[in-house]
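**Q** Dropping a prediction and its sequence here:
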Amino acid sequence: MTSIVLFGPPGAGKGTQAARISSLTGKPQVSTGDMLRAAVASGSDLGSEAKGYMDAGLLVPDGVIIGLISQRLREPDAESGLLLDGYPRTIAQAEALSEVEDVSMVISIEVPDEAIIERIVGRRMDPHDGTIYHIRFNPPPTEAASRVVQREDDNEETVRNRLSAYHEQTAPLADWYQDRGVLVRIDGDRTIGEVGDAIGSAIASMGSRDV
Ligand code: AP5
């Protein structure tokens, strides 16, 4: 089984593009951020441990995340691989993943820091179905506008910490995957549709290779 990794800074558009990639490749999307938020909401021990890190904009410790994903990879729908959104984020996580799963493609959505803050502070989510919107770039339709919510860690101070964590601990992974020949760089500083089209072309150009 081979998985695809969706990689990039906070707010790059990983969640926004995931549904389209999932339908192109047939691989279910697994977001470690969503899994952690569900654990926090359920009040589990794991959620309580993760919450402090998430609120501060820091990465949750590798041991916790690696355990969570190893468990997820054993579920029946993971048999032909997953679309991993937001995992791995450290070299230790990538090494742990490589021991249990092949990665056929790492889609790196690249967006400059200046654009990230505006994207994240303006993000809203529809609790009804999880759809992600942006107050300026992708406003919710009238029927959803009154129920959309903002994520607790989507404030400017936390975003700056998340960006620092990204540059220090996650960005080096791009070279790690480049050395392994699976990194595909996508310019994410374009409209949502243009970024989606570029990703679609990259997946199509994999041709008969197993994505
Ligand atoms: P997580 O939930 O993964 O957050 P993140 O990586 O910070 O990513 P985001 O969900 O913020 O952004 P995104 O790239 O999905 O952007 P989106 O599509 O929503 O993680 C949260 C926390 O959990 C972490 O801080 C950490 O504590 C912990 N964690 C998670 N995984 C971990 C791991 N592996 N190891 C350790 N800790 C972990 O888009 C953002 C906004 O921009 C939206 O409003 C959208 O509408 C808009 N937008 C999208 N694309 C465009 C575009 N092209 N043009 C204009 N606007 C756009």
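**A** That came through, no problem.
**Q** Please enumerate residues in contact with the longest strand anywhere in the chain?
**A** The single longest strand within the chain, with elements called by DSSP state E, is strand 102-110. If you take C-beta atoms under 8 Å, 6 or more residues apart in numbering as the criterion, strand 102-110 is touched by 1-8, 12-14, 17, 21, 81, 97, 174, 177, 180, 182-189, 195, 199, 202-203, 206, 209-211. C-beta here means a position set from N, CA and C on the backbone, and glycine is covered the same way.
**Q** Can you give the contact residues for the following helix or strand past that strand?
**A** Per DSSP states H and E, the first helix or strand lying C-terminal to strand 102-110 is helix 113-121. Helix 113-121 is contacted by residues 9-13, 111, 134, 136-137, 154-156, 159-160, 163, 189 when judged by C-beta under 8 Å, 6+ apart.
**Q** Near the ligand, list only the ones from the residues you listed.
**A** Applying C-beta under 6 Å from any ligand atom, the subset of these adjacent to the ligand comprises P10, G11, A12, G13, H134, F137.
**Q** Now do the strands in this protein.
**A** With DSSP E as the criterion, the chain has strands spanning 2-7, 29-31, 83-85, 102-110, 123-125, 132-134, 183-187.
**Q** In the sheet, which strands lie alongside the third one, parallel or antiparallel?
**A** Paired strands of strand 83-85, with direction, are strand 2-7 (parallel), strand 29-31 (parallel) (DSSP bridges).
**Q** Most tightly packed of these?
**A** Stretch with highest mean neighbour count among the strands paired with strand 83-85: strand 2-7 (a mean of 24; mean count of other C-beta atoms under 10 Å).
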